[in-house]
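Participant: turn this into a model:
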Amino acid sequence: SIVFAGIGTFVVLLLSAAVALDAARRIGRPAPLPAALGPLVPRLSLAQRLQHFALVAAFVVLVVTGLPLRFPESEALASLYLAMGGLRGARAAHHGAGALLAAAGLAHAVYALVLLARARLDVRCAWPMLPARQDVRDARALTGYQLGLRPEPPTFDRHTFRSKIHYFAVAFGLPVMVASGFVLGFPVAIGNHLPDVAIGMAHLAHRDEALAAIAIVVVWHLYLVHVAPRPHHRFLTWIDGRITRGRWLAEHGREAARTKETP
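Facilitator: Model prediction:
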């Protein structure tokens, strides 16, 4: 419990500090006026959007049905259980969402293998979300800008280092949640083949990882993707997979230069 809680607390505090730096940079400065949308640039494929839809749906249902168990003293959360038909209905919804989460993780694993096969086993080409040295330089440059040490923020390639943090937060957290969820969902069938401490460890891992995931999504992901004011922002990107050309050029300048401004 101490290990999971410690790791989760460290990650949340680190990401909270990054959000605080970004917010402090914006204090006292007028938010950029919404720019005309202009031409739209394809950004997310249909397969990527479908995986994201499944992940969002599973996450929301798991949070709504899981938090009342973690905080049973909350009357507001208890009312959610009543709206879902009580504990039995909430449990069924939680298990269904857990199955959807597991299916989304499996589908993404297959998707990643397909990309690798198409790239003829070129890992860097197939999986551009893998961390690189440039990500460290980008993080340092962005921090310098937020501290007022640089006049302009850096531009990025197709995937920013912050997007990679989002991605790997899910990549590491999803297996923990699915594995511990299966142990808790089938304590007899699975627990009988595991050590005595397995049920308790699964409970602690499931609880602490869930709280860390909620904090990361609320504090980090939603702020950077939808809350932080920026020009050329478009909320519907996660639905139709397109961003404005202005945002593409402003935030992904290295990709624009590499592709000669051809998305």
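
Participant: where does the stretch 151-263 of the chain have low pLDDT?
Facilitator: Counting by pLDDT under 70, the stretch 151-263 of the chain contains low-confidence residues at 229-231, 261-263.

Participant: strands of that one, start to end?
Facilitator: For the stretch 151-263 of the chain, the strands defined by DSSP state E, counting those that start in this stretch occupy 242-244.

Participant: how about the helices in it?
Facilitator: Listed from the start of the chain, the stretch 151-263 of the chain has helices (DSSP state H, counting those that start in this stretch) covering 161-185, 198-215, 222, 237-240, 245-251, 253-258.

Participant: what's the closest of these to Arg91?
Facilitator: Ranking the helices of the stretch 151-263 of the chain by proximity to Arg91 (CB to CB) places helix 161-185 first, at 9.4 Å. Any C-beta I mention is one placed from the backbone N, CA and C, and that applies to glycine too.

Participant: so what touches that closest one?
Facilitator: 11, 15, 18, 55, 62, 95, 98, 101-102, 104-105, 129-131, 135-136, 138-139, 142, 190-191, 194, 198-199, 201-203, 205-206, 209-210, 212-213, 216, 220-221, 224 (CB atoms under 8 Å, 6 or more residues apart in numbering).

Participant: what's the burial count for the spatially closest residue to Val217 that is not a sequence neighbour?
Facilitator: Leaving aside its sequence neighbours, Val217 sits nearest to Phe59 (CB to CB, 6 or more residues apart in numbering; 7.1 Å). Neighbour count for Phe59, taken as other CB atoms under 10 Å: 21.

Participant: got the contact list for Phe59?
Facilitator: If you count contacts by CB under 8 Å, 6+ apart, then Phe59 has Leu101, Ala213, Val217 around it.

Participant: distance from the chain centre to stretch 134-152, please.
Facilitator: 22 Å (CA atoms, centre = their mean, to the nearest Å).

Participant: contacts for that stretch next, please.
Facilitator: Contacts of stretch 134-152 (CB under 8 Å, 6+ apart): Leu21, Asp22, Ala24, Arg25, Pro153, Pro154, Phe156, Asp157, Thr160, Phe161, Lys164.

Participant: in CSV, list those residues along with distance to Ala47 and neighbour count.
Facilitator: Rendered in CSV, the data for those read as follows (distance: CB to CB, whole Å; neighbours: other CB atoms under 10 Å):
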residue, distance to Ala47, neighbour count
Leu21, 34, 14
Asp22, 31, 18
Ala24, 38, 12
Arg25, 35, 16
Pro153, 31, 16
Pro154, 29, 18
Phe156, 23, 20
Asp157, 21, 18
Thr160, 21, 19
Phe161, 24, 20
Lys164, 19, 18
